[in-house]
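Visitor: coords below, sequence missing:
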C-alpha cells in the first residue's frame, strides 16, 4: 500500500465461527482523518469487523490490508487486561510489548491522563468505568495511527467521554483515523464523518454521514 | 527483554498474587504422593486367605519325634498372609465374593500321609482371578516353603538321632517299635578286645571310617535340605520412605501436577481475560505465548522440584540415613527438572488450548494428571500397553531421569536417553499446542 492508499482496508474480509457466518465479506476503507462509525443492532457483526481490522481475528475469507508502518490501537467492548495486575502493571506490560522505550514513564502519563488510580490493587477491583478507562488507555500505547474502539463510551462518565473525543479529534488532525462502533445516535451525529451500517453480518451501507440519514429514511419507508 | 520473558514475568507475578492457589498447587500433589505411597504400602499388606481343614487336624502333631502345635505352627509360617479358618462352603462363598483371595485346603488323610513318610501329602490352593493372584500364589508358596523348612528341621533332627544311635548305641524306637542298638563305638571296643587278626583289623578300619563319615552326617543332611540358604543382614538399606524411588516419584508427581495445571490454566486464562486478541494482533505470536507457558511450567517445576530435593536431602543428612545425599548431582537434577517441566508444560498448554476456558482447562488437566501418573506406575512387564502409552507421556521419563540423575553410579546413558525423550515429547506437544492455540482466538 502506498502513502495515498487507505490506512486500513477490508478486502472481501469475512468471518465464520464454526458453521455460523458472523460477517459476510466486507469491502471497507479507512482513510487519513476518517471518523468511521460502525452502526447496527446487536449481533450485526460490528465487533467482529473491528477485531478483524485490529488483527485480533484472522478473516475466514478475504484479507485485511494495512498501510506500511501504520500502527493500530484497539479497545474491545469487553476490557482486555489482566485482572490480577494493577492498572500501572497492565500499562507497563503492554507498553513494553508495544516497544515503548520508557514503559514506566508512558504508563505514568496514561494513568494521569485517564485519571486512573495508581494503586497496587488488582485492576479486577476497579469500577466498571475505570476498567473501561484502562482498556482505552492500553489501546493508545504505541502511538497508533488508527484507533479502533468498540462502544468506547458505554461505561464512561461525561467528562471522560469528552476527553476521549478530544483525543480522537487530535488523532484525526494529526492524520490518523478512528473507527468506532456505537449505538449512540448523538455520538454518531457529532463525531462520525462516515458511517458503515451492518445488519445480520452484512454491510448494508457505507458512505458519508449525510447519505446515511437518507439511507435510513429510505429503509424505513421501504 | 524478550516478549516470552515479559509474559513469563507477568505469569509469575500473577502466581505470586495468588498465595492460596500456589499453596494448594504445591500441597495437593505432595499429599497425593504421600497417599500413593500409603496405597503402595497397602499393596504389600497381608491378603486374607481361607484355611479349610478337612482332615480335622489335631491340636498337636508329632512328626519324627518333633511336636508341632498346629495353630502356633500356622501362625509362624503365615507371616505374609492372614489365614482365617473357614469351612469349605463358607470359604468358597467368600472366594466368589472376593472377601478372601485364596483358599488353602488341608484334604482328608493329610496328617496320615505326612506321618507315613512314604509320599508327600498335598495342600490344595484355589486362587481368585485378578491382578494380585500371582502375588498371593507366591505368598502361599512361601507359606508352604516355611512349613517344609520346619518339617525338614524336624526330620533332620529325627534322622540325626538314628545316626547318633548307630554311632553310640543305646535304646530308641523305630516306626513306633522300641529297639536297642549296639552302636559303632561299642562295636569298636568289643572288636578291640578280640584276638587281633587280619580280619578283625579290616573290620576295625571299616568301623573307624564309618564313624568318621557318620559324624559328618548332620552337616551333609542340612546342606542337602537347603543347598542355598538366604541369610538376611539387618539394617543396611534405606527405609522405603526415603528410597530413591519414592524421591523420584514424589518429584515426578508434584511437577507433573504443577506443570500441567499451570500451563493449561494460564494459557486458557489469556482468553478468559480477553487479552488473547490484544496479544495476537502482532504483540505476541501464538508460538511465543505457548513458549511462555512452557517456560512458566519449567521455572515452577525447577523451583518446587529443587525445594523437594533439598528438603529430602536435609532429612537424610539430619537423620544420618544410609547412603547419604548426592548433593553434587543437584546440577543434573536441575537439567531434569527444566526438561521435565518444559515437556509437561507443553502437554499442559495443549490441554489449555483444547479446553479454551481456564476453569475447564484446570479441570481437564486435573483429570489428566491421574491417568498420566498411574500409567507410569504400572510395571510395563505386567501390562505392556500401559508401558507403550506411558512412554508417550513425559511423567515416566521424568521419574527415570530423576532416579538415574540422583542415584545411579553412572547415570549418563539413562539421563541422555530420557532427556531426548523429554525434548522430543515437549517438541511434539508444543507444536500441537501452537496449532490448537488458534482456537483461543475464537
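Guide: Nice, I can see it. As the structure is a computational prediction, the values presented were derived from the model and not from experiment.

Visitor: report the contact partners of residue B:85.
Guide: Residues in contact with residue B:85 (CB atoms under 8 Å, 6 or more residues apart in numbering or on different chains) are B:50-53. In short, each C-beta sits where N, CA and C put it, glycine included.

Visitor: any regions of chain B where pLDDT drops low?
Guide: B:1, B:33-34, B:36-45, B:64-65, B:76-77, B:116-118, B:130-133, B:175-176, B:225-243, B:322-323 (pLDDT under 70).

Visitor: how about it: which residue is closest to chain A?
Guide: Using CB to the nearest CB, the single residue of chain B nearest to chain A is residue B:277, 3.2 Å away.

Visitor: so that residue sits against residue B:441, correct?
Guide: Yes. Applying CB atoms under 8 Å, one finds residue B:277 in contact with residue B:441, separated by 6.5 Å.

Visitor: so those two - more neighbours on which side?
Guide: residue B:277 (20 against 17; other CB atoms under 10 Å in any protein chain shown).

Visitor: next, the contact list for residue B:163, please.
Guide: By CB under 8 Å, 6+ apart, residue B:163 lies in contact with B:214, B:217-218.

Visitor: look up how far residue B:336 lies from the residue of chain A found nearest chain B.
Guide: Residue of chain A nearest chain B, by CB to the nearest CB: residue A:56 (3.2 Å). To residue B:336, residue A:56 is 39 Å away according to CB to CB, to the nearest Å.

Visitor: ok, back up a step: ok but the residue of chain A closest to chain B is inside a strand, no?
Guide: No. Assessed with DSSP: H, G, I helix; E, B strand; the rest coil, residue A:56 is coil; it does not lie in a strand.

Visitor: make sure it is actually in contact with residue A:75.
Guide: No. Using CB under 8 Å, residue A:56 makes no contact with residue A:75, being 11.1 Å away.

Visitor: give me the common contacts of residue B:277 and residue B:441.
Guide: A:56-57.

Visitor: can you tell me which helix in the chain is longest?
Guide: No chain was given, so I picked chain A. helix A:158-173 (DSSP state H).

Visitor: that's the wrong chain, I meant chain B
Guide: Taking DSSP H as the assignment, the helix of chain B that covers the most residues is helix B:133-168.

Visitor: which residues of chain A score low on pLDDT?
Guide: Applying pLDDT under 70 to chain A flags residues A:1-4, A:222.

Visitor: which parts of it are strands?
Guide: Using DSSP state E, the strands of chain A run over A:8-17, A:20-30, A:35-39, A:61-66, A:72-75, A:146-150, A:177-181, A:194-199, A:202-208.

Visitor: can I get those in CSV with mean neighbour count and distance to residue B:172?
Guide: Shown next, in CSV, are the strands of chain A (neighbours: other CB atoms under 10 Å in any protein chain shown; distance: least, CB to CB, whole Å):
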stretch, mean neighbour count, distance to residue B:172
strand A:8-17, 20, 100
strand A:20-30, 19, 102
strand A:35-39, 24, 116
strand A:61-66, 17, 108
strand A:72-75, 24, 108
strand A:146-150, 25, 110
strand A:177-181, 26, 114
strand A:194-199, 21, 116
strand A:202-208, 16, 116
